[in-house]
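Peer 1: model the following, please.
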Amino acid sequence: MLPSKSHINLFFVIFSFLWAVFTYAQNQQFPGIPEFKAPVPSPLLGSFNQPSANRNQPQLPTPIYPQRNNYTERQYRAEIQNVERNEALRTQSIRDMESDIEQHLSALKYNFPSHYNKEGAKLYYDTFKAMQSVDPDNYSIKDINFGIENAFTANTENKAEFDKIIKETGQFLKAKMKELGYDSNSNLAKNYILFQFFSETLQLKATGQKHFPFKYDFNDYMGKKDWSNMFVSKLIRSGTGQCHSMPILYLILAEEIGAVSYLSFSPNHSYIKFQDERNKWYNLELTNGMFTTDSFILNSGFIKSEALQNQIYMQPLSKRQLLSQSYVDLAAGYFHKYGYDQFVEVTLNMALELYPNNINANKLKANYYTDLLFYVTRQLGINPEKREELVKIKDNPAAMAILIKTQQQYRLMDESGFEYMPADAYEKWLQSLNNEKNRQNNETFSKQFKGLLKTKVKQ
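Peer 2: Numbering: from 1, shown residues only. So this is what the prediction gives:
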């Protein structure tokens, strides 16, 4: 998920504010927070925008008692009782006012409202539990992915039918390998037939079965209008997909025919990596059905050296790291269907427990905290995109804690080497995949593959 414009604006405001906070100041309650002047009264809370524990108690006027020598004993006592009664009423009035303020402050919500009782939400919790029950180093990619998509579609997917499609496709691929004389034990041959399945028209001579290549769907390729456009089930039904659904289907089919291959990330993108028998690595770009080089991926201009050092891009994901990404997919589907609540945070924490450098998990978590900060500050009548208003948040410890978490998450991403890639830059990079140099590289790789496969057949 790409961060919104408001997320980016807020990042710069938070960064400039907290840079000053943590660099120059000292404060007893929050180390590093400077003493600010009294904030402008919040339009939400009026003049009483601080908890009573954090402000001076109101000063009561000194009672004026009557002079005794001017009154009879009865008059004197009556006047004293009247003064004391008035003072008691004033004291009670102030206490009631303070109580109202405290109740209002305690009524502020510091977490998103839960969506648990919404229709279909329980299925997400069940899917989360099912994912927790698997061995993170040995599980079915097909089953995990089906559960995630089925949760979004409210249990309307047919598991038996999906399993049948995958099984029959695997049989088709094995039959085509045999027809072409490929070595059924070669990881190179298995990955090459998968590459052909995604990029070429394949037909079995014996049965006449035909499969046409998949095509890239530029329409809503990030699932902003309809998150199900990201799904493998949509790719199978329509024959069109993008850099999320195509690599996942590739891995499911690789699992079905016993091929070893891996998911890998680049900015806003994912692709396939695999090794041949000589341990040479290859990159498969399924969006246009080509082999690509590492240098081309680096030429996107959005991969810093820190990102490579921290292994957030261009690394083959292990099974455990792939499961981490599946948790991200589960959280993203939940968000697109219901919005944010603590289920998203818990799911992302699980993803990061499996793979702390998962850049997609960290991006979504940054978005989560950013929106939570907006949610809380709106209740306080504060615009967090304006630094002069954001300073008011220091009077609310719970809100300040959310601000610090948000800043820490952005700082973590910055230190990892992440750089924001705008959507138009990504689209331009995608289109460059079809340039002449890449086509020539792809033809060279294809010839090398065919030569290696023929050698194995002769042996």
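Peer 1: return the distance of Tyr282 relative to Tyr426.
Peer 2: Tyr282 is 23 Å from Tyr426, where distance means CB to CB, to the nearest Å. Just so you know, the C-beta spots here come from the backbone N, C-alpha and C atoms, and that holds for glycine as well.
Peer 1: chain neighbours aside, what residue packs nearest to Arg439?
Peer 2: Among residues not flanking Arg439 along the chain, Met290 sits closest, at 7.4 Å (CB to CB, 6 or more residues apart in numbering).
Peer 1: which residues does that neighbour contact?
Peer 2: Met290 is in contact with Ser199, Leu284, Leu433, Asn438, Arg439, Asn441, Asn442, counting by CB atoms under 8 Å, 6 or more residues apart in numbering.
Peer 1: neighbour count, pLDDT and distance to Glu389 added to those, as TSV?
Peer 2: Listed next are those as TSV, based on neighbours: other CB atoms under 10 Å; pLDDT from 0 to 100; distance: CB to CB, whole Å:
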residue	neighbour count	pLDDT	distance to Glu389
Ser199	19	93	53
Leu284	24	94	49
Leu433	17	75	45
Asn438	18	69	49
Arg439	13	70	54
Asn441	17	70	53
Asn442	20	71	54
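Peer 1: of those, which belong to strands?
Peer 2: Among the contacts of Met290, the members falling in strands are Leu284 (criterion: DSSP state E).
Peer 1: now, among the contacts of Met290, which is nearest to Tyr355?
Peer 2: Leu284 (21.7 Å; CB to CB).
Peer 1: quick check: that closest one touching Phe195?
Peer 2: Yes - counting by CB atoms under 8 Å, Leu284 touches Phe195, with 5.7 Å between them.
Peer 1: list residues touching both of these two?
Peer 2: Here Leu284 and Phe195 have Phe291 as joint contacts, going by CB under 8 Å, 6+ apart.
Peer 1: and the chain, what are its domains?
Peer 2: 65-107, 138-317+431-458 (automatic domain parsing).
Peer 1: can you redo those as JSON lines with distance to Val346?
Peer 2: Listed next are these as JSON lines, based on distance: least, CB to CB, whole Å:
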{"stretch": "domain 65-107", "distance to Val346": "24"}
{"stretch": "domain 138-317+431-458", "distance to Val346": "15"}
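Peer 1: sorry, back to before: and the residue nearest to Arg439, bridged to which residues?
Peer 2: Residues in a beta bridge with Met290, per DSSP bridges, are Glu285.
Peer 1: now do it against Asn219, distance only.
Peer 2: 21 Å.
Peer 1: do the same with Tyr110
Peer 2: Going from Tyr110 to Asn219 by CB to CB gives 39 Å.
Peer 1: can you count the residues close to the residue lying closest to Lys159 once chain neighbours are set aside?
Peer 2: Among residues not flanking Lys159 along the chain, Phe146 sits closest, at 6.1 Å (CB to CB, 6+ apart). Using other CB atoms under 10 Å, Phe146 has 22 neighbouring residues.
Peer 1: who's in contact with Phe146?
Peer 2: Glu157, Lys159, Phe162.
Peer 1: for Ser266, same thing?
Peer 2: Ile297, Ser300, Ile303, Tyr313, Met314.
Peer 1: so which of those is the most crowded?
Peer 2: Ranking these using other CB under 10 Å puts Tyr313 first, with 23 neighbours.
Peer 1: so what pLDDT did it get?
Peer 2: Note on Tyr313: pLDDT of 96.
Peer 1: surely it meets Ile303?
Peer 2: Yes - the criterion here is CB under 8 Å, and Tyr313 meets it with Ile303 at 5.4 Å.
Peer 1: joint contacts of those two?
Peer 2: Common neighbours of Tyr313 and Ile303, using CB under 8 Å, 6+ apart, are Ser266, Pro267, Ile297.
Peer 1: just name the most buried of the domains of the chain.
Peer 2: Greatest average neighbour count among these goes to domain 138-317+431-458 (a mean of 17), per mean count of other CB atoms under 10 Å.
Peer 1: stretch 227-235: how far from the chain's middle?
Peer 2: Its chain's C-alpha centre lies 18 Å from the corresponding centre of stretch 227-235 when counted by CA atoms, centre = their mean, to the nearest Å.
Peer 1: what residue ranges in this structure score low on pLDDT?
Peer 2: For the chain, the stretches with pLDDT under 70 are 1-73, 76, 93-107, 436, 438, 450-452, 454-459.
Peer 1: switch the cut-off to 80
Peer 2: Applying pLDDT under 80 to the chain flags residues 1-107, 300-301, 433-459.
Peer 1: of all residues in the protein, which one is nearest the centre?
Peer 2: For the chain, Leu364 is the residue whose C-alpha lies nearest the centre (CA atoms, centre = their mean; 2.0 Å).
Peer 1: how much space between that residue and Lys224?
Peer 2: Distance, Leu364 to Lys224, by CB to CB: 14 Å.
Peer 1: strands along the protein, start to end?
Peer 2: Using DSSP E, strands in the chain cover 202-203, 210-211, 215-216, 240-241, 262-266, 269-275, 281-285, 290-292.
Peer 1: of those strands, which is nearest Asn357?
Peer 2: strand 262-266 (10.1 Å).
Peer 1: okay, the strands of the chain in TSV with distance to Phe128 next?
Peer 2: Below are these laid out as TSV (distance: least, CB to CB, whole Å):
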stretch	distance to Phe128
strand 202-203	38
strand 210-211	35
strand 215-216	31
strand 240-241	25
strand 262-266	21
strand 269-275	22
strand 281-285	31
strand 290-292	35
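Peer 1: so which of these is nearest Gly181?
Peer 2: strand 202-203 (14.6 Å).
Peer 1: my guess is Glu256 meets Thr169, correct?
Peer 2: Yes - when contacts are counted by CB under 8 Å, Glu256 is listed as touching Thr169 (7.1 Å).
Peer 1: what residues are up against Phe212?
Peer 2: Neighbour list for Phe212: Thr201, Gly239 [criterion: CB under 8 Å, 6+ apart].
Peer 1: swap that for Ile252, sorry
Peer 2: Contact analysis of Ile252 by CB under 8 Å, 6+ apart lists Ile141, Lys142, Asn145, Ile166, Val232.
Peer 1: list just the nearest of the residues you listed to Ala332.
Peer 2: Asn145 (13.2 Å).
Peer 1: so that closest one sits against Pro247, correct?
Peer 2: No - with contact defined as CB under 8 Å, Asn145 does not count as touching Pro247 (11.1 Å).
Peer 1: and the residue found closest to Leu284 once you drop the neighbours it is linked to in the chain, how far from Asn229?
Peer 2: Nearest in space to Leu284, with sequence neighbours left out and distances taken as CB to CB, 6+ apart, is Ile272 at 4.0 Å. As judged by CB to CB, Ile272 and Asn229 stand 20 Å apart.
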